[in-house]
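Engineer: model this:
(one chain, ligands or ions: 2)
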Amino acid sequence: MEREIEVFQSLSGGGHPSIVRFYKALQTANNLYLFMEYCDKGDLKEFIATRAPLTGKLPEHEARFILCQVLCGLKHLKDRSGIMHRDIKLDNILVKSKVPHPDSIEHYEFKIGDMGLAKQMASSPDPTHQTMCGTPLYMAPEVITGAKYNYKADVWSLGALLFQILTGEYPFTGKNIDELRFNLKQGIYKIPNNTNLSLECIDFLNCCLKHDSKKRKSWNELRLHPFLGSSDSR
Ligand SMILES: Nc1ncnc2c1ncn2[C@@H]1O[C@H](COP(=O)(O)OP(=O)(O)OP(=O)(O)O)[C@@H](O)[C@H]1O
Ligand SMILES: [Mg+2]
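Structural biologist: Ligands and ions are numbered 1, 2, ... in the order given. Reported below is the predicted structural model:
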């Protein structure tokens with residue numbers, strides 16, 4: 001928790017609309033309290049379960065709207081403070097309504113929360129880290145194999161997040177961590193037959209879920225991708 005407070009405090013220039021706002025920390029004899037912006041709709045996992053109880057997935061235009069905001073938040077973390085989040089997943093994206101009776105997707109804001117695993121990258125020109133952390137099903141191949149990694153590991157997790165929003169499934173799974181590692185190494189994932197996606201969307205997923213992190217696109221490149229072209233990016 002101390003690390004989470006440090007990360008929030010190091011976010012230079014105050015807040016960003018796509019990052020949950022941190023107000024203050026309060027230490028009592030037995031507890032440490034973090035005062036944060038309240039996101040009344042909880043996390044993205046709960047949001048999808050309520051919005052699409054039968055399918056557990058959202059249509060492409062809604063996924064795009066969410067993705068734009070999360071991407072801008074992650075880009076801000078990297079550009080302004082050199083921070084990798086390292087735990088992007090449905091549970092760590094918070095949802096806040098903008099109007100009293102929200103309905104369409106534009107009535108909500110999506111914000112990155114849970115900085116518990118976030119890490120400030122070293123200030124070398126090409127900083128890398130090696131600690132294995134995060135949630136295995138969202139982990140980039142270089143993280144799960146214990147290799148050096150950089151912010152491109154968040155790019156992978158964003159791709160896994162988008163895949164899950166669109167299909168209700170994970171791009172790569174396994175009965176155990178070894179099988180997951182093996183499947184990641186094969187690098188082949190399949191979009192379920194019951195999910196129709198545009199070519200731009202499929203290409204965007206491919207750009208994020210590239211096995212070789214050097215070939216994986218940067219935040220700046222992704223921001224200009226045609227999939228996000230017609231959407232409001234912050
Ligand atoms: N600012 C907030 N507004 C509304 N709900 C929140 C907020 N922060 C966290 N939550 C809810 O609490 C859950 C857990 O918060 P968070 O991800 O920050 O902690 P965590 O360390 O992952 O805890 P846990 O191990 O319980 O998941 C979130 O998934 C979300 O449902
Ligand atoms: Mg969490």
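Engineer: longest helix anywhere in this protein?
Structural biologist: helix 60-81 (DSSP state H).
Engineer: which stretches of this protein have low pLDDT?
Structural biologist: Residues of the chain that meet the criterion pLDDT under 70 lie in 12-14, 123-125, 132, 230-234.
Engineer: my guess is R21 meets M36, correct?
Structural biologist: Yes - here R21 reaches M36: they are 6.6 Å apart, a contact under C-beta atoms under 8 Å. Just so you know, the C-beta spots here come from the backbone N, C-alpha and C atoms, and that holds for glycine as well.
Engineer: check contacts around the closest residue to K98 other than its chain neighbours.
Structural biologist: In this structure, K98 finds its nearest non-sequential neighbour in H107, 5.5 Å apart by C-beta to C-beta, 6 or more residues apart in numbering. Shown in contact with H107 (C-beta atoms under 8 Å, 6 or more residues apart in numbering): 97-99.
Engineer: contacts for the next helix or strand after the longest helix of the chain, please.
Structural biologist: As assigned by DSSP states H and E, the chain's next helix or strand after helix 60-81 is strand 83-84. Strand 83-84 is contacted from outside by 7, 10-11, 77-78, 115, 118-121, 129, 150-151, 153-154, using C-beta under 8 Å, 6+ apart.
Engineer: just the buried positions in whichever helix or strand comes after strand 83-84, please.
Structural biologist: Proceeding N to C from strand 83-84, the next assigned helix or strand is strand 93-97, under DSSP H and E. For strand 93-97, burial by neighbour count (16 or more other C-beta atoms under 10 Å) applies to 93-96.
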